[in-house]
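> here are the coordinates; sequence isn't available:
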């Protein structure tokens with residue numbers, strides 16, 4: 001499978017770090033509260049965080065009582081930041097792509113992934129690999145870009161708007177055509193893989209997972225209204241999708 005490592009691009013990494021430093025961002029306001037609510041009790045659990053990024057979730061799991069947390073990420077810049085800023089005695093970090101997970105000869109009670117699986121070429125194969133790394137009854141909780149959000153290639157505006165710029169509705173473009181999508185986000189030719197909702201569900205089911213819960217992007221109405229310019233599209237288009245699966 002092809003490996004993508006956009007986060008070691010200096011321009012992209014610096015922009016991402018600046019985005020996360022602003023308290024009002026999609027990760028902290030929308031993604032983190034939802035995936036946190038879907039997590040099982042982590043006390044005494046052995047946890048693997050795939051695509052751990054800067055280590056915020058790894059630190060969260062450590063503070064929640066996990067026995068150990070291993071965070072992996074393909075980006076050396078991300079891992080370096082995580083080791084410096086989100087360190088604890090029960091957290092370890094490793095520079096590793098999720099395509100190389102078979103190099104980890106160990107099993108976990110809980111595996112998580114936050115907004116990293118957009119970059120995987122073979123979703124079904126990754127689901128089988130992750131399931132094989134869980135102890136019996138173990139759970140996999142993850143978030144990724146919603147299929148509606150990845151049905152976009154930068155040619156057209158994501159939204160049809162009024163003359164004043166107010167979003168009326170989201171535009172879909174070639175939703176039924178799966179595969180690599182390239183568009184500009186900070187850098188030219190940012191890449192994600194678009195796949196339909198059915199492909200996601202079938203990938204998990206074929207791997208043998210039991211799907212326990214699914215959520216889509218949402219946030220309190222007062223926050224959406226207060227930050228209309230940033231979050232006004234949430235009611236038209238879910239940016240993220242979340243699953244909790246059990247082995």
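Great, that's in hand. Not measured: the values here are computed from a predicted model. Residues are numbered from 1 along each chain as shown.
> quick one, what contacts residue 116?
50-51, 53, 73, 98, 144 (CB atoms under 8 Å, 6 or more residues apart in numbering). Placement of C-beta: from N, CA and C, glycine included.
> ok, 10 Å please
When contacts are counted by CB atoms under 10 Å, 6 or more residues apart in numbering, residue 116 touches 49-53, 72-74, 98, 142-144.
> For those, work out which two are farthest apart.
74 and 143 (17.7 Å; CB to CB).
> quick check, nearest of the contacts of residue 116 to residue 216?
Of these, the one sitting nearest to residue 216 (CB to CB) turns out to be residue 143, at 10.2 Å.
> what are the bridge partners for the closest one, then?
residue 114, residue 242 (DSSP bridges).
> Retrieve the pLDDT associated with it.
At residue 143, the model reports a pLDDT of 96.
> same question for the strand or helix carrying residue 84, mean pLDDT?
If you go by DSSP states H and E, residue 84 is part of helix 76-85. Averaged across helix 76-85, pLDDT comes to 90.
> Could you identify the helix or strand that succeeds that helix?
Helix 76-85 is succeeded, C-terminally, by strand 91-95 (DSSP H and E).
> Identify the residue nearest the geometric centre of the chain.
residue 115 (1.1 Å; CA atoms, centre = their mean).
> Quick one: residues contacting it.
Shown in contact with residue 115 (CB under 10 Å, 6+ apart): 26-27, 31, 35, 51, 53, 142-145, 239-240.
> now residue 40, nearest residue through space, not along the chain?
residue 139 (5.4 Å; CB to CB, 6 or more residues apart in numbering).
> Can you spell out which helices and strands pack onto the strand or helix carrying the one you found?
Using DSSP H and E, residue 139 sits in strand 134-145. Secondary-structure packing of strand 134-145 (3 or more CB pairs under 10 Å, 6 or more residues apart in numbering; DSSP states H and E): helix 32-38, strand 46-50, strand 108-114, helix 123-132, strand 187-194, helix 197-207, strand 210-216, strand 240-246.
> Go again with 6 Å.
Packing contacts for strand 134-145, counted by 3 or more CB pairs under 6 Å, 6 or more residues apart in numbering; DSSP states H and E, involve strand 108-114, strand 240-246.
> And what about the residue in the chain sticking out farthest from the centre, helix, strand or coil?
The centre of the chain is farthest from one residue, residue 163, which by CA atoms, centre = their mean lies 33.7 Å away. Using DSSP: H, G, I helix; E, B strand; the rest coil, the secondary structure recorded for residue 163 is coil.
> One more: residue 106?
coil.
> nearest residue to residue 52 other than its sequence neighbours?
Closest to residue 52 by CB to CB, 6+ apart is residue 71, at 3.0 Å.
> Which strand residues bridge that neighbour?
Going by DSSP bridges, residue 71 forms beta bridges with residue 49, residue 93.
> where does it land on pLDDT?
97.
> Against residue 108, how distant is it?
12 Å (CB to CB, to the nearest Å).
> So which of these two has more stuff around it?
residue 71 (30 against 22; other CB atoms under 10 Å).
> List the contacts of the more buried one.
By CB atoms under 6 Å, 6 or more residues apart in numbering, residue 71 lies in contact with 49, 52, 55, 58, 93.
> Near the first one, how many other residues are there?
In other words, residue 49. Around residue 49 there are 28 residues (other CB under 10 Å).
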